[in-house]
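>>> I need the structure of the sequence given here:
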Amino acid sequence: MRIAVVGATGMVGEVMLKVLAERNFPVTELIPVASEKSVGKEIEYNGKKFKVVGMQTAVDMKADIAVFSAGGDTSLEWAPKFAAAGTTVIDNSSAWRMDPTKKLIVPEINASTLTKEDKIIANPNCSTIQMVLTLAPLHKKYNIKRIIVSTYQSITGTGVKAVKQLENEYAGIKGDMAYKYPIHRNAIPHCDSFEENGYTKEEMKLVRETQKILGDNTIRVTATAVRVPVVGGHSEAVNVEFTNDFDVNEVREILHNTEGVVVQDNLDTFTYPMPLYAEGKNDVFVGRIRRDESQPNTLNMWIVADNLRKGAATNTIQIAEYLIAAKLV
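Below you'll find the model as predicted:
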């Protein structure tokens, strides 16, 4: 497989390269791609050095698969050009997610809907992926009516500049700010830009993408997304109301048997998911599973995942693995 990694020098791009190597992805030729200012730089993959190329050069090289993590504008402009050259694009930005002609894929849930005709495939938002992976089997069993989610999101979701801001603030150094406010010893209820309804784009992604991935527009979702001074991953407090009642132990059993989900839920040993321990791992961790005693058929959960891994790079590479296994490329 000839694989192009678009945005190879960014935070998610670097993790994509790591995940490709860790999973022994069948790369016969690696094409690292970045903006003009990075062209000619060298990146390392599997102990070898590769030179970064520009976008048009990469299109002309006709890769089998291009994994994109270079922002929405780049994806809108370049993904169709790669696709026209016969390359299957898996895109990490928000550019194509809500396009009705494009599929929004979490492999464990809906990869089976993909066909050879799908030349641009959307990877969902990081906070959406970890939530829907946990909720999909429960929706199948109990039918979700409504979700209330509050997120506690890692600064790595913003990028390198945010990581630098936090490091500077720890050290008491003045420097470039990724956020309007200090993030050290703070929580900022503002992820992405605000929409006209008073919600942020991040919050509305949780609404729209959840409905699209689960294939059910009747599911009501409301979200509050908060940036916290954490590096290892995103955490979510999720309250789910079902049509049908459930047994909490059965819920644990269903989640325990769900591919990609790890149940960490033992109060006797103080075992519950935390971003400190999720960092660098490909799974989604769920715990604090308990009945909401304030109303019927309702469950509370705490869901944590490394937003650069399952929230981005790992999910993208898993889609690519599915394309190969299903002989779609």
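
>>> can you show me the helices along the stretch 101-250 of the chain?
Remark: helices assigned in the stretch 101-250 of the chain by DSSP state H, counting those that start in this stretch are 107-110, 126-142, 160-171, 201-214, 248-256.

>>> what sits up against the third one?
This points to helix 160-171. If you take CB atoms under 8 Å, 6 or more residues apart in numbering as the criterion, helix 160-171 is touched by 10-11, 155-156, 174-179, 182-184, 229, 231. From N, CA and C alone the C-beta is placed, and that goes for glycine too.

>>> can you say which of those are buried?
For those, a burial check counting by 16 or more other CB atoms under 10 Å picks out G10, M11, I155, T156, A178, Y179, I183, P229, V231.

>>> using JSON lines, lay out the residues you listed together with distance to N300.
As requested, the buried ones among the contacts of helix 160-171 are arranged in JSON lines below (distance: CB to CB, whole Å):
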{"residue": "G10", "distance to N300": "35"}
{"residue": "M11", "distance to N300": "31"}
{"residue": "I155", "distance to N300": "26"}
{"residue": "T156", "distance to N300": "26"}
{"residue": "A178", "distance to N300": "32"}
{"residue": "Y179", "distance to N300": "29"}
{"residue": "I183", "distance to N300": "27"}
{"residue": "P229", "distance to N300": "25"}
{"residue": "V231", "distance to N300": "26"}
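
>>> how far does stretch 80-99 sit from the chain's center?
Stretch 80-99 sits 16 Å away from the centroid of its parent chain (CA atoms, centre = their mean, to the nearest Å).

>>> same question for stretch 36-48.
Its chain's average C-alpha position is 24 Å from that of stretch 36-48, according to CA atoms, centre = their mean.

>>> again with stretch 301-312
Distance, centroid of stretch 301-312 to centroid of chain: 7 Å (CA atoms, centre = their mean).

>>> cool, stretch 182-201 as well?
18 Å.

>>> so what's the residue count around the residue found closest to D192 once you drop the neighbours it is linked to in the chain?
For D192, ignoring the flanking residues on the chain, the nearest one in space by CB to CB, 6 or more residues apart in numbering is K201 at 3.8 Å. By other CB atoms under 10 Å, the residues close to K201 number 15.

>>> strands of the protein, residue ranges please.
Along the chain, counting by DSSP state E, strands occupy 2-6, 29-33, 42-45, 48-51, 65-68, 88-91, 120-122, 144-153, 220-227, 234-242, 261-263, 284-291, 298-305.

>>> give the rounded mean pLDDT of the fifth one.
The average pLDDT for strand 65-68 rounds to 98.

>>> kindly format the C-alpha coordinates of that strand as CSV.
Output of strand 65-68 as CSV, limited to C-alpha atoms (Å, rounded to 0.1, in the frame of the first residue of the first chain):
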residue,chain,number,x,y,z
ILE,A,65,-4.8,5.8,0.6
ALA,A,66,-4.3,9.3,1.9
VAL,A,67,-4.9,10.0,5.6
PHE,A,68,-5.5,13.7,6.2
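
>>> quick one: contacts of it?
Applying CB under 8 Å, 6+ apart, the contact partners of strand 65-68 are 1-7, 16, 33, 58, 74-75, 78-79, 82, 87-93, 316-317, 320, 323, 329.

>>> partners of I31 in the sheet?
Beta-bridge pairing for I31 (DSSP bridges): A4.
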